[in-house]
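Novice: my questions concern the predicted model and sequence given below.
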Amino acid sequence: MKTICINCPMGCPLDITEEEGKVVVRGYTCKRGLEYGVSEYTSPVRTVTTLMRTSDGGVVPVKTSRPVPKGRMFDVLERIRSLTAPADADIGFVAESDVLGLGSDIVVTGRPAPHPAK
Amino acid sequence: MKKFDVLVIGGGPAGMAAAIAADAKGASVLLVERDVRLGGILNQCIHAGFGLHYFGEELTGPEYADRFEKRLAKTGVKVMLGAMALSLGGDGEVLLLSPEEGAVHVKAGATVLAMGCRERTAGAIALAGTRPAGIYTAGMAQKMCNIEGYLVGKRIVILGSGDIGLIMARRMTLEGAHVERVIELMPYSGGLKRNIVQCLEDFGIPIDYSHTVTRVVGKPRMEGLYYAPVDENRRPVLSEEKFIPCDCLLLSVGLIPENDILNGSGVKLSRVTSGAEVDENRMTSLPGVFSCGNVLHVHDLVDNVSHEAEIAGSAAAEYALHGAPPTNGELHAVTPGKGVRYALPQVIHGGSGSVEVFFRTDNVYKNCKVVAECAGRTLYSKKRMIVAPGEMEKIALKKEDLDGDVTVRLEI
């Protein structure tokens, strides 16, 4: 696979292959690039941030407490869409523990905007 | 007439950090914010990536804002929400408009400007074509999505590949829209590599460098747009124009420091940053008026905004309580040299202690050297593998070493 290293503005183009059972990274120029290439090839993970419906029909922002496998991002999103957070959930409220058994919780990260005084 | 030691205008990351720092110095502080809550644009930046430098952990925007709001709540800072600063007089008097209190004149010992930026719009870039529904600035779409829960389009094109544009490409995709492509005028992205990979590559969203939108079509709703490559003078090559059907165009084409209240105040503005020119304490040319955060110059990391605002807030409190800080009477200009677009602060007072100089380059350069010189002497010289306009650089200088104006430049 081909990707770009994200560790610094150089953005070294990485070419990652598996040869004789070993992960081989080409194109990196520092140690961080090599480590990044290996982890992107073997087990890429991402923190998912999205919105969750609240019980009063609004939305609050949520995140996965730990990064989840990149290939499961849309499964996690679909699960979050089926959930509802209490309207008064504060920052840090755990809306679901261990989402899809991935070892990550769905945590509320913000409060709904207060309505301006009428 | 209300009297405070320090008035802070704006309750985003810069204003909150400045107010907390001024309070810590023993000043009485009034913080005014025009929105219904504190936090500014952080409230709509629900993605992660904030706070790695300042807090040593990765937070989302609302979480970063909440950390500062909680700190602020423990101080004596008076917060006025829903209030707009209308003008700043040459004598430092500020006119505020508040729904509860009407017109309020505030005379503070020092004022900190922390109003942030607004976005450049379709009008600002003279976008050709019709004016259909479906054209938004990226930040406006972000607010409608993340705060209000509306998806502004289903087939989306993004013009501009700064971080806000890239982040919105991912947000729209995660919420079920199809992002057709990102179009960038320059031959490189102004955004972080991390965002190129995690916002575009992860979702297979193509990016066209050295291209621009030539016109939009549709009325009353957007039906599509034409785009074309640009020549070396950044003029579109119309013979190669292509059409993309889409119902939404997001614009991520630059930020403008919101300094309108300074009109007529006498505060000197930089023609490059559109923010005030400041000294190392972030004091502007108008004594007692300080500036920090994105209203001073556009930052890539909120962590840097918080640090800069603490410098401004502390110095504003010192100024209000004890007057101008002692100097040896010398004033050294900091000017950008070859390869450098601007350097900040623009002036440094003589004296002792360390000063950080922030700067941005005017292009992407590899294997170059950053050099700071003073009267023909080299103060700083260090190799960089790469510098880019999208990544703010900084160097540390010692005031003791300065005996004339300073130039920051690149050896390419």
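Specialist: Perfect, thanks for sending it.

Novice: and for residue 98, the neighbour number?
Specialist: No chain specified, so I'll use chain A. Using other C-beta atoms under 10 Å in any protein chain shown, A:Asp98 has 12 neighbouring residues. C-beta: built from backbone N, CA, C; applies to glycine.

Novice: wrong one, chain B
Specialist: Neighbour count of B:Ser98, defined by other C-beta under 10 Å: 15.

Novice: show me what contacts B:Leu7?
Specialist: Residues near B:Leu7 by C-beta atoms under 8 Å, 6 or more residues apart in numbering or on different chains: B:29-30, B:32, B:94, B:106, B:108, B:110-112.

Novice: backbone dihedrals for the closest residue to it other than its chain neighbours, please?
Specialist: Among residues not flanking B:Leu7 along the chain, B:Ala108 sits closest, at 3.7 Å (C-beta to C-beta, 6 or more residues apart in numbering or on different chains). The phi and psi values for B:Ala108, taken as degrees, to the nearest 10, are phi -110, psi 150.

Novice: contacts only, for B:Ala108.
Specialist: B:3-7, B:30, B:92, B:94, B:320.

Novice: what sits opposite it in the beta ladder?
Specialist: B:Phe4 (DSSP bridges).

Novice: what's the separation between it and B:Glu330?
Specialist: Between B:Ala108 and B:Glu330 the computed distance is 29 Å (C-beta to C-beta, to the nearest Å).

Novice: same deal with B:Asp208?
Specialist: Separation of B:Asp208 from B:Glu330 (C-beta to C-beta): 51 Å.

Novice: neighbour-wise, which of these two wins?
Specialist: B:Asp208 (16 against 13).

Novice: need the pLDDT of the more buried one.
Specialist: Predicted confidence (pLDDT) for B:Asp208: 97.

Novice: ok, for it, nearest residue in space, not its chain neighbours?
Specialist: That would be B:Ile183: by C-beta to C-beta, 6+ apart, it lies 5.2 Å from B:Asp208.

Novice: for the one you found, which residues are in contact?
Specialist: B:157-160, B:207-208, B:211-213, B:227.

Novice: could you redo the last one with a cut-off of 7 Å?
Specialist: Neighbouring residues of B:Ile183 by C-beta atoms under 7 Å, 6 or more residues apart in numbering or on different chains: B:157, B:159, B:208, B:211-213, B:227.

Novice: B:Pro62 too?
Specialist: Listed by C-beta under 7 Å, 6+ apart, the contact set of B:Pro62 reads A:61, A:91, A:109-110, B:39, B:42-43, B:46.

Novice: which residue would be the closest one in chain A to chain B?
Specialist: Nearest residue of chain A to chain B: A:Gly110, at 3.1 Å (C-beta to the nearest C-beta).

Novice: hmm, back to that, and which of the contacts of B:Ala108 is nearest to chain A?
Specialist: Of the contacts of B:Ala108, the one sitting nearest to chain A (C-beta to the nearest C-beta) turns out to be B:Leu30, at 19.7 Å.

Novice: which SS class is the nearest residue to the residue of chain A closest to chain B once chain neighbours are set aside?
Specialist: Sequence neighbours aside, B:Pro62 is the residue nearest to A:Gly110 in space, at 3.1 Å (criterion: C-beta to C-beta, 6+ apart). For B:Pro62, the assignment made with DSSP: H, G, I helix; E, B strand; the rest coil gives helix.

Novice: so B:Val94 sits against B:Leu88, correct?
Specialist: Yes: applying C-beta atoms under 7 Å as the test, B:Val94 and B:Leu88 come out as touching, 5.4 Å apart.

Novice: what is in contact with the two at once?
Specialist: Common contacts of B:Val94 and B:Leu88 (C-beta under 7 Å, 6+ apart): B:Thr111.

Novice: for chain A, which segments count as helices?
Specialist: Counting by DSSP state H, one finds helices in chain A at the ranges A:31-42, A:73-81.

Novice: same deal with the stretch 151-300 of chain B?
Specialist: Under the criterion DSSP state H, counting those that start in this stretch, helices of the stretch 151-300 of chain B are mapped to B:163-174, B:193-195.
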